[in-house]
Each structure stands twice: as structure tokens, then as C-alpha cells.
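>>> With the sequence up front, the predicted model follows.
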Amino acid sequence: WMLLRKCWDTRRQSKKPFLGINDIPRDRKIVFLPLGNEPEVSVQGQSPEYSNQYAMLVDIALSIPADALLVVKEHPLQLGRRNAEFYRRINEMPNACMAQVQLPSHPLIQRAHLVCTINGSAAYEAAMFGVPVAYFSRHGPIRAVPHVKAIKSFGDLAWIREVLACDSEKERDQRRQDGARFYYASNSHCMDLDGFNFHTRDTAPSSDEIKVIADPLLQNT
């Protein structure tokens, strides 16, 4: 039954009223909000203050200026788990819409004037591109990037209006430089786990896999 729900949801979110990349208005300031997977430790565990994603979404929609559009995209692993009413309510908001689920996030991030996320990887990608980020979590090194704002209370949402209203080429150039420095620091100090199979493996890690994790940790002690 779950496989059927996922199939139906994928088909539903691949056509209108869910928007493709060319359907998103170019005369509006885009605020991109990728939804998080639930249940997930980065949401319920690390960010319990904002674990109600729909309530957070409504707060953001109420905080953006009249010339902005909130573009929401579902997490692929969440397909089939939310009811149709959830998406209908978003599409009926006057300043919000749902993007088609198969769209890659990178074009949306690059089109965006602001990215909002609870505790997702989109914040890191946007920060590296030099896109301002509203980050709804108290955890993560991403908060050290100057154009990333940690949203700790409802009052901090005023920053969203400020960053969308006041932007200049000088500020954009500074964000791109800060994003490049963050990218360089991430490559220099993080470990590449791309080759690891965490989800379906049934064997203990090999010596080479342990070395991939252990060597960067030992170098930073």
C-alpha cells in the first residue's frame, strides 16, 4: 500500500498545480523552502523547536514581502507520507506554491534570493553559492557563515524581510567570497563519505573505510 501511495504521490507532484522550473515567475523574489524528511533526527532530535514544518512554513509565508514567492519542494523520501490536503493548503496560499518533486534543488537554490531550511543540506549548498540562508536550528557549523541567519525565535523572522529588501551587488559579491571560503574550508576539514553504503549494508566497515573516517579526526585533534 505504501508503494502505491508513493507512486501516486510522485505522479501527482510531477504535474500542475506543482510548478516546473520554467513555471516559477521571474518577476518575484524567490524564497526556496525544501521540506525535511520525517521522522528524522535532524528535525525532531536536533531542532524540536521547529519540528512542525507546516507551522514554520506559514510563519515564513507571513514574513516575506509582497513581491516575494515562497517555493516549497517535498523531500523525495517523504512521498506518500503526507495527505493531499497538506499540499493543497500550500498551493492555495496567495504567496506560496509547490515545486515539482523531480526538480533538482541546485537550479532552485541558484534562482533563490533566500533559502529557508530547518537543518538540511540545502543550507550548506546555498551558503556556498552565496545565497542568504534562514536556518531554523541551533546546531551546525553553517551558522558561522556571515550570510546564514540562525532563526531562534519568531522575532528573528524580521531578518527575512530585511535581507530581501536590501541587497546590492557589493553585498552579493561579498557573499560569493564568503561562500567560496566556506566551500574551501569544508573540503579541507571534512571527510568524503560518498562511497559508503550506510543504508543497506550488512557487514562491518573495512580497514580502509575506518581509515577514511579516522585520519581526518586524528589530523584535527
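It's in.
>>> what's the span of stretch 151-165, first residue to last?
18 Å (CA to CA, to the nearest Å).
>>> Give me the buried positions along that stretch.
I151, L157, W159, I160, V163, L164 (16 or more other CB atoms under 10 Å). For the C-beta atoms, the positions are set from N, CA and C on the backbone; glycine is no exception.
>>> How far does that stretch sit from its chain's centre?
Centroid separation for stretch 151-165 versus its chain: 17 Å, with CA atoms, centre = their mean, to the nearest Å.
>>> contacts for it?
29, 31, 50, 59-60, 63-65, 68, 113-114, 116, 132, 134-136, 138, 149-150 (CB atoms under 8 Å, 6 or more residues apart in numbering).
>>> before we move on, the earlier item: and the two most separated of the buried residues of stretch 151-165?
I151 and L164 (14.4 Å; CB to CB).
>>> picking up where we left off before, next step: the buried residues of stretch 151-165 restricted to helices.
Assigned to helices by DSSP state H, the following of those qualify: W159, I160, V163, L164.
>>> Among the residues you listed, which one lies nearest to Q174?
V163 (12.9 Å).
>>> Let me know the distance separating that closest one from L157.
When distance is defined by CB to CB, to the nearest Å, V163 is 11 Å away from L157.
>>> could you give the mean pLDDT of whichever helix or strand I210 is part of?
With secondary structure defined by DSSP states H and E, I210 is part of helix 207-219. Helix 207-219 carries an average pLDDT of 83.
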